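Asks: quick one: sequence plus predicted model below, questions after.
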Amino acid sequence: MNRIASALVTAGVAFVLAMTGESAAQSLLTGPSGLYGSWRVAALDAQALPPGSDATLIFGNGVVSGKSFCNRYNAKIDIAPYTMEVGTIASTRMACPPPAMAQEQTFLAILRQARTALILGTTLTLNAADGRTIRFRRMSN
């Protein structure tokens, strides 16, 4: 049911963008409530994170970067009015405890497949092509 609701909301956002044009899409990226800025992972594939887990996502001009539980990463990103596509992800290669490595692999796999983004207040949800999600909370700057 959660994925159906997410799909309906994403479709609604796409409809609003279609009705308001590309300049509205740009303001959704850069405005005070836009995509650009720093976000902290709150849930990974609808599962809350265990205490001590930490991953971030920073949207910049054509680039995403951050911490993926264990390592640092960055990738190019193309954002269009209706979709997004993350390029090849480069990452450091530090070894971490197995639970952190498993979270990191899941996080990067979902990020690689991210196709849409939905912002509601201070919450960002990235939706992957395979239906998995990452939910973030905006970080204070």
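Replies: Perfect, I can see it now. Numbers count the residues shown, from 1 in each chain.

Asks: in space, what's closest to the most centrally placed residue in the chain - neighbours in sequence excluded?
Replies: By Cα atoms, centre = their mean, the chain has its centre lying nearest to L126, at 4.1 Å. Nearest residue to L126 in three dimensions, chain neighbours excluded: A114, at 4.3 Å (Cβ to Cβ, 6 or more residues apart in numbering). Every residue, glycine included, has its C-beta placed from N, CA and C.

Asks: could you count how many residues lie near that neighbour?
Replies: When neighbours are counted by other Cβ atoms under 10 Å, A114 registers 22.

Asks: follow-up on the earlier one: check which helix or strand covers the residue nearest to the centre of the chain.
Replies: Counting by DSSP states H and E, the element that carries L126 is strand 123-128.

Asks: give the bridge partners for the residue nearest to the centre of the chain, please.
Replies: A117, I134 (DSSP bridges).

Asks: please shift the residue numbers so they start at 33 in all later answers.
Replies: All set: I'll call the first residue 33, so the last point we hit is now L158.

Asks: that older thread, which parts of the strand holding L158 are buried?
Replies: Residues 156-160 are the ones in strand 155-160 that count as buried (16 or more other Cβ atoms under 10 Å).

Asks: the residue nearest to L158 against T157, yeah?
Replies: No - contact criterion Cβ atoms under 8 Å: A146 and T157 do not qualify, at 9.9 Å.

Asks: what touches both of those two?
Replies: Taking Cβ atoms under 8 Å, 6 or more residues apart in numbering as the criterion, A146 and T157 both touch I166.

Asks: can you pull out the helices in the protein?
Replies: Using DSSP state H, the helices of the chain run over residues 34-52, 54-62, 130-144.

Asks: end-to-end on stretch 78-93?
Replies: From its first residue to its last, stretch 78-93 covers 28 Å (Cα to Cα, to the nearest Å).

Asks: surely W71 touches I166?
Replies: No - judged on Cβ under 8 Å, W71 makes no contact with I166 at a distance of 9.2 Å.

Asks: need the residues touching each of those two.
Replies: Residues within reach of W71 and of I166 at once, by Cβ under 8 Å, 6+ apart, are L89.

Asks: I'm done for today, thanks for sticking with me.
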